[in-house]
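> Fold the following for me, if possible:
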Amino acid sequence: MGSDPSERRSAIDPDAVARGLTPSASQASQAFIRANTRLMSPPLVPEIRLQLAEESLPIWQKTEDELGQMNVPPPYWAFAWAGGQALARTLLDNPGLVANKSVLDLGSGSGLTAIAARFSGAASVVAADIDPMALEAIAINTAVNGVSLATTAEDLLARAPDPFDVVLVGDLFYERELAERVQAFIAAAAAMDALILIGDPKRSYFPVGRFTFVAEYQVPVTRELEDAEIKSTAVWRL
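Presented below is the predicted three-dimensional model:
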């Protein structure tokens, strides 16, 4: 006789396939994430819990050693970066920015700002990250926080933006080429009447003078990743 439909779904998980991994690879990736991170809240956003690494070097090394055959990028998804924390705090304190709106979270990483958008009443959220491991982390983190959202591994910066009411950009100005691509993308999105919200501690390639200041936060961070224990971080809009 035929198998139970729920058994067929568990055997071929369409959500895992959509995240860019086979079901078995998805399970292995999520097991790796849980084994090498701890469930905790970012300092500036205690409302949200995420699987985060307590130290940077061990998970960086394990990613290379254990997952190197998958050609995965560095585990940026394992940390709540200062720009993302500031942006998430702004959304939670000002839900009207995204309430009942369609939201795109670029370079979503852990999913922190995407989850904050859902907490703030966004009608729909797409978390975009080209790292399939990040999307696995987002799948775990959204489940922990009891929210749902869409994800994509497509490099959205390679084409014209789809129409969104709000585009979130958390800490994406740390490399020259990436910063240039992000600027081109958000300019095109803004031309389509999207509100652009940026959280950034003025990384090396942050375009000073281009955006309108919204708020500033003193974000606790780790010296393993940053040059100070407190990172002055601002939120901007375009």
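
> Now do the lengthiest helix in the chain: which elements does it pack against?
Longest helix of the chain, by residue count under DSSP state H: helix 176-191. Counting contacts by 3 or more C-beta pairs under 8 Å, 6 or more residues apart in numbering; DSSP states H and E, helix 176-191 is packed against strand 102-106, strand 166-170, strand 195-200. Any C-beta I mention is one placed from the backbone N, CA and C, and that applies to glycine too.

> which residues are contacting the longest one?
Meaning strand 195-200. Strand 195-200 is contacted from outside by 82-88, 90-91, 97, 113, 165-173, 186, 189-190, 206, 211, 214, 233-238, using C-beta atoms under 8 Å, 6 or more residues apart in numbering.

> in its sheet, what does it sit against?
Strand pairing for strand 195-200, using DSSP bridges, gives strand 166-170 (parallel), strand 230-237 (antiparallel).

> Let me have the ones you listed in TSV, adding mean pLDDT and distance to T22 as columns.
Formatted as TSV, the strands paired with strand 195-200 follow (pLDDT from 0 to 100; distance: least, C-beta to C-beta, whole Å):
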stretch	mean pLDDT	distance to T22
strand 166-170	98	29
strand 230-237	96	38
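
> now for those strands, which one comes closest to E54?
Of all the strands paired with strand 195-200, strand 230-237 sits nearest to E54, with 17.8 Å by C-beta to C-beta.

> The closest one versus helix 176-191: what angle between them?
40 degrees (axes from the mean of the first three to the mean of the last three C-alpha atoms, to 10 degrees).

> Would you mark the buried spots in strand 230-237?
231, 233-237 (16 or more other C-beta atoms under 10 Å).

> any idea which residue sits dead centre in this protein?
Centroid check for the chain by C-alpha atoms, centre = their mean gives S108 as the closest residue, at 1.8 Å.

> Helix, strand or coil: sort out the residue lying closest to it once chain neighbours are set aside for me.
The shortest distance from S108 to any non-neighbouring residue, by C-beta to C-beta, 6 or more residues apart in numbering, is to A127 (3.7 Å). Three-state call for A127 (DSSP: H, G, I helix; E, B strand; the rest coil): strand.

> Enumerate every residue touching A127.
So A127 contacts 105, 108, 111, 114, 135, 138, 149-152 (C-beta under 8 Å, 6+ apart).

> one more time with 7 Å, if that's ok
105, 108, 111, 114, 138, 149, 151 (C-beta atoms under 7 Å, 6 or more residues apart in numbering).

> which ones among the residues you listed are found in helices?
Those of the contacts of A127 lying in helices (DSSP H): 114, 138.

> now, among the contacts of A127, which is nearest to P220?
Using C-beta to C-beta, the contacts of A127 come closest to P220 at G111, 19.9 Å.

> any chance of the buried residues of strand 230-237 in CSV, with distance to E224 too?
Converted to CSV, these look like this (distance: C-beta to C-beta, whole Å):
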residue, distance to E224
K231, 13
T233, 17
A234, 23
V235, 24
W236, 26
R237, 31
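
> re the thing from before, using JSON lines, lay out the helices and strands packed on helix 176-191 together with distance to Q30 and mean neighbour count.
What follows is these, written out as JSON lines (distance: least, C-beta to C-beta, whole Å; neighbours: other C-beta atoms under 10 Å):
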{"stretch": "strand 102-106", "distance to Q30": "20", "mean neighbour count": "26"}
{"stretch": "strand 166-170", "distance to Q30": "23", "mean neighbour count": "27"}
{"stretch": "strand 195-200", "distance to Q30": "27", "mean neighbour count": "25"}
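
> I appreciate the help and will end here.
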